[in-house]
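Peer 1: Compute the structure for the input listed below.
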Amino acid sequence: MRKTLWMVLILAGLLAAMGPSPRYLEELVIGGGYGSPPDGGMDLEADGNVLTDGSVTVGGAVTLGGNLAVAGDTGLGVDYTPGARLHVRTASDGDFAPTLLLHNASQTVGTAAGVQFQTAGADVDRAKGAIIYESTTSYGRGDMHFLNSDYAGAGSAGLASDIRMTLTNDGRLLITQYLGTLTDHDLLSLATGAVSVNGDLDAGVDGLARGVLTAWDGVGGTAPGVVRLHAPGGSDWFLFVEDDGTLRIHDVLPTSNTDGSIVGLQN
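Peer 2: Reported below is the predicted structural model:
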């Protein structure tokens, strides 16, 4: 008891001798400190850095004002070894509960939030793929874009030129090679190429929505739009109309409104 009292008196005297100014601890080393070999020690440095080669367990919230660099795997909601570089886990029965939320707080129309994908090179500006949600009207409503850039150089995929597919807010699916080639009324629109369907192709809904099949003419108006019919014997026939409505058929793809034979006349 007497030894303890003497220690308290000595410490009090030292603090009094230091005056009223704040007392600072320049550096604190716990255990063996941070270094090699790893022994679970910790350094609290004068510049505010905390270095440890052990584990850190936090029971409360953590607020970061700067960057966070993690050399190993990171688990959120995971009380075991993470299974990926970023392992986010939740357990929620019933309705959808988001596991990851990407939030751009700007309320300006055209604001976007999304993720990028990169597979090659150390340059961070080579993310050639992306999935981006872009607001197009009020209350954050908008379209989901899938981007894929074919540019062979530095630079990441962007909304201006690399949209390949868009799921619109009103339920339309638009597929294109570049922005600005899609019409507003199309449910599925392809800028170029063909669509193959292994089965029946239905247009419209019986008793509810009329179906329309359109075959546009080619460049210059000289190559008519056609319907291609494949005969059981293996031959192809192309059905089309002239400008006056005359229905014609040809055994090769027509290049003029007058190719082939007349099937019927417009009355």
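Peer 1: which secondary element of the protein has the worst mean pLDDT?
Peer 2: Of all helical and strand segments in the chain, the minimum by mean pLDDT, DSSP states H and E falls on helix 2-17, at a mean of 53.
Peer 1: And the strands in the stretch 1-150 of the chain?
Peer 2: Per DSSP state E, counting those that start in this stretch, the stretch 1-150 of the chain carries strands over the ranges 28-30, 42-44, 50-52, 74-76, 86-88, 112-117, 129-135, 142-148.
Peer 1: what about those, which gets the closest to residue 212?
Peer 2: Between residue 212 and these, the shortest separation by C-beta to C-beta is 24.2 Å, and it involves strand 142-148. Heads up, the C-betas are built off the backbone N, CA and C, glycines and all.
Peer 1: Give the next helix or strand downstream of that closest one.
Peer 2: Elements were assigned by DSSP states H and E; along the chain past strand 142-148, the next helix or strand is strand 163-167.
Peer 1: Nearest residue to residue 113 in space, ignoring adjacent ones along the chain?
Peer 2: Excluding its sequence neighbours, the residue lying closest to residue 113 (C-beta to C-beta, 6 or more residues apart in numbering) is residue 104, at 4.1 Å.
Peer 1: Neighbours of the one you found, how many?
Peer 2: 14 (other C-beta atoms under 10 Å).
Peer 1: Touching, it and residue 112? I think so.
Peer 2: Yes: applying C-beta atoms under 8 Å, one finds residue 104 in contact with residue 112, separated by 6.6 Å.
Peer 1: on that earlier part again, in contact with the residue nearest to residue 113, which residues?
Peer 2: Residues in contact with residue 104, defined by C-beta atoms under 8 Å, 6 or more residues apart in numbering, are 111, 112, 113.
Peer 1: and the chain, what are its domains?
Peer 2: Residue ranges of the domains in the chain are recorded as 112-189, 219-264, according to automatic domain parsing.
Peer 1: end-to-end on stretch 101-119?
Peer 2: The first and final residues of stretch 101-119 sit 23 Å from each other (C-alpha to C-alpha, to the nearest Å).
Peer 1: Could you give the separation of that stretch from the chain centroid?
Peer 2: In terms of C-alpha atoms, centre = their mean, to the nearest Å, the gap separating the centre of stretch 101-119 from the centre of its chain is 8 Å.
Peer 1: tell me which residues in that stretch are buried?
Peer 2: 112, 113, 114, 116, 118 (16 or more other C-beta atoms under 10 Å).
Peer 1: can you put those residues in a markdown table and add distance to residue 250 and pLDDT?
Peer 2: Putting those into a markdown table (distance: C-beta to C-beta, whole Å; pLDDT from 0 to 100) gives the following:
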| residue | distance to residue 250 | pLDDT |
| --- | --- | --- |
| 112 | 49 | 95 |
| 113 | 52 | 95 |
| 114 | 48 | 95 |
| 116 | 50 | 94 |
| 118 | 50 | 92 |
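Peer 1: Comparing the domains of the chain by mean pLDDT, which bottoms out?
Peer 2: Averaged per stretch, pLDDT over the domains of the chain is lowest on domain 112-189, reaching a mean of 83.
Peer 1: can you count the residues close to residue 150?
Peer 2: Counted by other C-beta under 10 Å, the residues lying close to residue 150 total 10.
Peer 1: quick one: contacts for it?
Peer 2: residue 128.
Peer 1: which residues does residue 213 contact?
Peer 2: In this structure, residue 213 makes contact with 203, 227, judged by C-beta under 8 Å, 6+ apart.
Peer 1: how much space between it and residue 239?
Peer 2: The gap separating residue 213 from residue 239 is 12 Å, by C-beta to C-beta, to the nearest Å.
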